[in-house]
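Asker: Here is a sequence together with a model predicted from it:
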Amino acid sequence: MEQSSSPRISRRRALTVAGGVAAGAAVGQAAVPAFGAAAASDADAIVVGGGLAGLVATAELVAAGRKVLLLDQEPEASLGGQAFWSFGGLFFVDSAEQRLMGVKDSHDLAWQDWLGTAGFDRGIDDPAGQDYWAYKWAKAYVEFAAGEKRSWLAGLGMQWFPMVGWAERGGGLADGHGNSVPRFHVTWGTGPAVIEPFEKKVRAGVAAGKVVFKFRHRVDGIVRTGGAVTGVRGAILEASSVARGKPSSRRVIGDFELKAPVVIVTSGGIGANHDLIRKNWPARLGTAPKTMITGVPAHVDGRMLGITEQAGARIVNPDRMWHYTEGLRNYAPIWPEHGIRILPGPSSMWFDATGNRFAAPDMPGYDTLHTLGSITRTGYDYSWFVTTQKIIAKEFALSGSEQNPDLTNKNIWLLLSRIWQTPEPIEKFKKYGEDFVVASTLPELVAGMNRLTGTNLIDLAGLKRQIDARDREMDHAFSKDAQVMGIRNALSYLGDSLSRTAAAHKILDPAAGPLIAVRLNVLTRKTLGGLQTDLQGRVLDDSGSPIPGLYAAGEVSGFGGGGVHGYRSLEGTFLGGCLFSGRQAGRAAAAATAS
């Protein structure tokens, strides 16, 4: 049912918190660089944002023969946006890789899982509902994932690691949250390999005179003339040579106004804007954490949401967001408060800050959103894994292309070395990361946990009692412990038994040691709500009518419709959402500008 008082980002709040939208006056007398020249100011379309969705939309426009201006406030080094840093996971249904691993999947099963996970409840049958278009996008996306998605991407040269991952295993009911079967396909080459074919198409468009890059162009306003969008205006920022992901200067050296009959907004979400996250934090997830670490570069600040809303766009579902519960502080940060997520296997024991074990479904890899709420309701911003060297060697993976040099660099021998050794990036975090405690005995481990937090919250006797109880479940083939049952279920899947699940063992078995405790921080990541769009990617106003000439794709549009995921993600769907929504918007914009 539509919530009549569902929270929305007001124009004033979005603009104030996100940093304002007015273009600054020129500072100093520095010359405007060549990429700001007026001669390149006209085009068939303007794309705002050079991330994956923007590249896909631009590639579609170029394929249709359109001329495109691709704007981004960051320097060229950051082309591709957040997708570059990703693990490259993609959601496919009934894929060749699934069939190779003995996984039987279907469109109907995937749709059941999507609906159970999304929990759409804001007017899917009401054209004015916040979930009306989100539901339609979800249906179209699942059909895409079960249909041409894999063949389309394979035709562009993408390949996938054959062992399909099983993410978000669910909340315990067949028609509820989670993936019934493994569907997380890791791209061979990770995030950079997902970007590559589209960047090549766009750069070919540059060479052919069909695309003009305009880096360091910060859009501060969308121009409307006679009701239709006719271009953008903003500030030109000084040139920057910072490396990808590093914060860049915001010094203004000029302003611009560019004209086109179509503008496609592909500017990303709010993941680096902690103030905006907290303002939209829903009560259902408890109190917003006072301390969070950040899973995206600083420029992912949500500015374009407020700017597009000021142009008449409707924002829906702003209280829906996706943050991870297994974040590590990066010992070698690239952006401020840089965090890395552990992608865990099923075996580590999970405790709250006071040493109480979480119950199902708050287990590693099962229900991220539920676990997030369970953590925040404890009154603390962190939790703990208690685990063993045997478990982390087999089960820990780290998010991010840079944390997986074997997969990213397509190094088969380095990949195979995971069979006999713990991957080097994990060992480095264990050695240098501030969130790891390593000990030979449980008393030493508890002392280290308390020392790390500067508290005495963890009681040795209480922790030992809970671990002993779990370890006794290893003595027989039966169990009432949901996590132990989950481990055995995972071991029945070939992909998990080969690469993602350690042989079942007792946590306090000295042969599996040393013991390891990992402090887990809340890691900001994705915006699940956003600009409401129809299936062509056209941005809608508060009346539900398309704003002429205005389109959106990617995270800024909730990956389509203002919230294709609903409340939760099945994982592998963020890159896929950029691909699908970018393609939809690009093709629709190309058709709209046909002469």
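Answerer: Received it, and whenever you're ready, just let me know what you need. Numbering: from 1, shown residues only.
Asker: Centroid-nearest residue for this structure?
Answerer: What sits nearest the mean C-alpha location of the chain, by Cα atoms, centre = their mean, is K526, with 4.8 Å.
Asker: now the longest strand anywhere in the chain, how far from the chain's geometric center?
Answerer: Secondary structure of the chain per DSSP state E: the longest strand is strand 515-527. Between the centre of strand 515-527 and the centre of its chain there are 15 Å (Cα atoms, centre = their mean, to the nearest Å).
Asker: Return that strand as CSV; C-alpha atoms alone will do.
Answerer: Extracted in CSV, the C-alpha atoms of strand 515-527 (Å, rounded to 0.1, in the frame of the first residue of the first chain):
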residue,chain,number,x,y,z
LEU,A,515,42.0,-17.8,16.5
ILE,A,516,41.0,-14.5,14.8
ALA,A,517,38.5,-11.8,15.8
VAL,A,518,37.5,-9.2,13.3
ARG,A,519,35.8,-6.0,14.3
LEU,A,520,33.1,-5.2,11.6
ASN,A,521,32.1,-1.7,10.8
VAL,A,522,29.0,-0.4,9.0
LEU,A,523,30.2,0.4,5.4
THR,A,524,28.2,2.8,3.3
ARG,A,525,27.5,1.8,-0.2
LYS,A,526,24.3,2.1,-2.3
THR,A,527,21.2,4.3,-2.8
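Asker: pLDDT at A23, what is it?
Answerer: pLDDT, A23: 31.
Asker: likewise the one 3 residues further on?
Answerer: On pLDDT, A26 comes in at 27.
Asker: Helices along the stretch 51-200 of the chain, start to end?
Answerer: Remark: helices assigned in the stretch 51-200 of the chain by DSSP state H, counting those that start in this stretch are 52-63, 96-100, 107-118, 132-146, 149-155, 190-207.
Asker: For these, give me TSV that also has distance to F215.
Answerer: For every residue, glycine as well, the C-beta is placed using N, CA and C. Listed next are the helices of the stretch 51-200 of the chain as TSV, based on distance: least, Cβ to Cβ, whole Å:
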stretch	distance to F215
helix 52-63	12
helix 96-100	37
helix 107-118	36
helix 132-146	30
helix 149-155	27
helix 190-207	12
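Asker: winner for burial among those helices?
Answerer: Each of the helices of the stretch 51-200 of the chain was assessed for mean neighbour count using mean count of other Cβ atoms under 10 Å. The highest is helix 52-63, with a mean of 29.
Asker: Is it possible to get a markdown table of the helices of the stretch 51-200 of the chain that adds mean pLDDT and distance to F429?
Answerer: Putting those into a markdown table (pLDDT from 0 to 100; distance: least, Cβ to Cβ, whole Å) gives the following:
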| stretch | mean pLDDT | distance to F429 |
| --- | --- | --- |
| helix 52-63 | 98 | 27 |
| helix 96-100 | 98 | 28 |
| helix 107-118 | 98 | 30 |
| helix 132-146 | 98 | 32 |
| helix 149-155 | 98 | 31 |
| helix 190-207 | 98 | 18 |
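Asker: who wins for proximity to M485 among these?
Answerer: Checking the helices of the stretch 51-200 of the chain against M485 by Cβ to Cβ gives helix 107-118 as the closest, at 19.8 Å.
Asker: Give me the distance from the closest one to the chain's centre.
Answerer: For helix 107-118, the distance between its averaged C-alpha position and the chain's averaged C-alpha position is 20 Å (Cα atoms, centre = their mean).
Asker: Show me what that helix is packed against.
Answerer: Applying 3 or more Cβ pairs under 8 Å, 6 or more residues apart in numbering; DSSP states H and E, one finds that helix 107-118 contacts helix 132-146.
Asker: Just the CA coordinates for the helix it packs on, please, in CSV.
Answerer: Taking C-alpha atoms only, helix 132-146 is exported to CSV below (Å, rounded to 0.1, in the frame of the first residue of the first chain):
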residue,chain,number,x,y,z
TYR,A,132,4.6,1.5,-9.4
TRP,A,133,7.5,1.9,-11.8
ALA,A,134,10.0,0.2,-9.5
TYR,A,135,7.9,-3.0,-9.8
LYS,A,136,7.7,-2.7,-13.6
TRP,A,137,11.5,-2.2,-13.7
ALA,A,138,12.1,-5.2,-11.5
LYS,A,139,9.9,-7.4,-13.8
ALA,A,140,11.8,-6.2,-16.9
TYR,A,141,15.2,-6.7,-15.2
VAL,A,142,14.5,-10.2,-14.1
GLU,A,143,13.4,-11.0,-17.7
PHE,A,144,16.6,-9.4,-18.9
ALA,A,145,18.7,-11.4,-16.5
ALA,A,146,17.0,-14.6,-17.5
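Asker: before we move on, the earlier item: next SSE downstream of the longest strand of the chain?
Answerer: strand 530-531 (DSSP states H and E).
Asker: still on that earlier bit, for the longest strand of the chain, packing partners?
Answerer: Packed against strand 515-527, as judged by 3+ Cβ pairs under 8 Å, 6+ apart, are the following elements: strand 293-294, strand 321-329, strand 339-343, helix 368-376, strand 382-388, strand 436-439, helix 442-453.
Asker: Now do the helix or strand that the shortest one is followed by, average pLDDT.
Answerer: Past strand 293-294, further along toward the C-terminus, the next helix or strand under DSSP H and E is helix 303-310. This predicted structure assigns helix 303-310 an average pLDDT of 98.
Asker: all numbers from here: first residue = 571
Answerer: Got it, the first residue is 571 from now on, which makes the last one we talked about helix 873-880.
Asker: hmm, back to that, of all the helices of the stretch 621-770 of the chain, which one is nearest K1034?
Answerer: Distances from K1034 to each of the helices of the stretch 621-770 of the chain were compared using Cβ to Cβ; the shortest belongs to helix 677-688, at 36.3 Å.
Asker: Give me the contacts around the closest one.
Answerer: Under the criterion Cβ atoms under 8 Å, 6 or more residues apart in numbering, residues 663-664, 704, 708-709, 712-713, 715-716, 738, 743-751, 753, 1135-1140 lie in contact with helix 677-688.
Asker: again, only this time at 7 Å
Answerer: Contacts of helix 677-688 from elsewhere in the structure, counted by Cβ atoms under 7 Å, 6 or more residues apart in numbering, are 663, 708, 712-713, 715-716, 745-750, 1135-1138, 1140.
Asker: What of stretch 756-771?
Answerer: 622, 625-626, 629, 632, 649-650, 653-660, 726-731, 735, 971, 974, 977-978, 980, 1145.
Asker: Now do the longest strand of the chain against helix 1012-1023, angle only.
Answerer: Taking axes from the mean of the first three to the mean of the last three Cα atoms, to 10 degrees, one finds strand 1085-1097 and helix 1012-1023 inclined to each other by 40 degrees.
Asker: Ranking helices and strands of the protein by mean pLDDT, which lands last?
Answerer: Ranking every helix and strand in the chain by mean pLDDT, DSSP states H and E puts helix 581-588 at the bottom, with a mean of 35.
Asker: Any figure for the gap between S971 and T757?
Answerer: Plainly put, S971 is 10 Å away from T757 if you go by Cβ to Cβ, to the nearest Å.
Asker: okay, and the common contacts of these two?
Answerer: Listed contacts common to S971 and T757 are G658; contacts here mean Cβ under 7 Å, 6+ apart.
Asker: and those two? which has more neighbours close in?
Answerer: T757 (26 against 23; other Cβ atoms under 10 Å).
Asker: Beta-bridge partners for the more buried one, please?
Answerer: Legend: beta-bridge partners of T757 under DSSP bridges are W730.
Asker: And the contacts of the very next helix or strand once past the least confident helix or strand of the chain?
Answerer: Later in the chain than helix 581-588, the nearest helix or strand by DSSP H and E is strand 615-618. Residues outside strand 615-618 that contact it (Cβ under 7 Å, 6+ apart) are 624, 627-628, 631, 636, 638-641, 789, 801-802, 828, 830, 832-837, 874, 1159, 1163.
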